[in-house]
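K.L.:
coords below, sequence missing:
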């Protein structure tokens, strides 16, 4: 497995991967993503800002994550000081056929590596309340549950917030 920054040429492969990820999420009751979000424009913006990472397995894109410092205003609802700089992982996903290979963990370890490179001591992430895989993964990697919020762009859903301090 190779973890690397995404390039524009990866967008069609990422979008194809989403055609398997989104239906599997929705079949499990997780409606965080749909045909409108995430989209190619979001990924192109992430790539322009050098914050989209991909996991390659045998030359194929198997997963991705945006590793940013972008914190939603709603994060303050769980008591986080959103004026503190934090590495925040968004749009973390692993292709259905690649699950169980440690790809999600590897992408989150890349977030930790980015935090260390930048001397940032806080990692934050949120997940839909119906995402059983991430609710298990985050605590295994040392993230602590901080509370539950709603996000303005997905008003009918609830999200669990997790934080890890280095």
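P.N.:
Ah, there it is. Predicted model only: the values in this text are computed from it and were never measured.
K.L.:
in contact with the most centrally placed residue in the chain: list those residues for me.
P.N.:
What sits nearest the mean C-alpha location of the chain, by C-alpha atoms, centre = their mean, is residue 92, with 2.6 Å. With contact set as C-beta atoms under 8 Å, 6 or more residues apart in numbering, residue 92 has these partners: 63-66, 104, 107-108, 125, 134. C-beta: built from backbone N, CA, C; applies to glycine.
K.L.:
so which of these belong to helices?
P.N.:
104, 107-108, 134 (DSSP state H).
K.L.:
which of these sit farthest apart?
P.N.:
Using C-beta to C-beta, those span at most 11.3 Å, a distance reached by 107 and 134.
K.L.:
give me the more crowded residue out of the two.
P.N.:
residue 107 (24 against 20; other C-beta atoms under 10 Å).
K.L.:
neighbours around the closest residue to the more buried one other than its chain neighbours, how many?
P.N.:
Once flanking residues are discounted, residue 107 sits nearest to residue 65: 4.2 Å by C-beta to C-beta, 6 or more residues apart in numbering. The number of residues packed near residue 65 is 27, by other C-beta under 10 Å.
K.L.:
thought residue 65 was touching residue 91?
P.N.:
Yes: counting by C-beta atoms under 8 Å, residue 65 touches residue 91, with 6.3 Å between them.
K.L.:
tell me, what's touching those two both at once?
P.N.:
With C-beta under 8 Å, 6+ apart as the test, residue 65 and residue 91 both reach residue 52.
K.L.:
now the helices for this structure?
P.N.:
11-27, 40-48, 103-117, 132-140.
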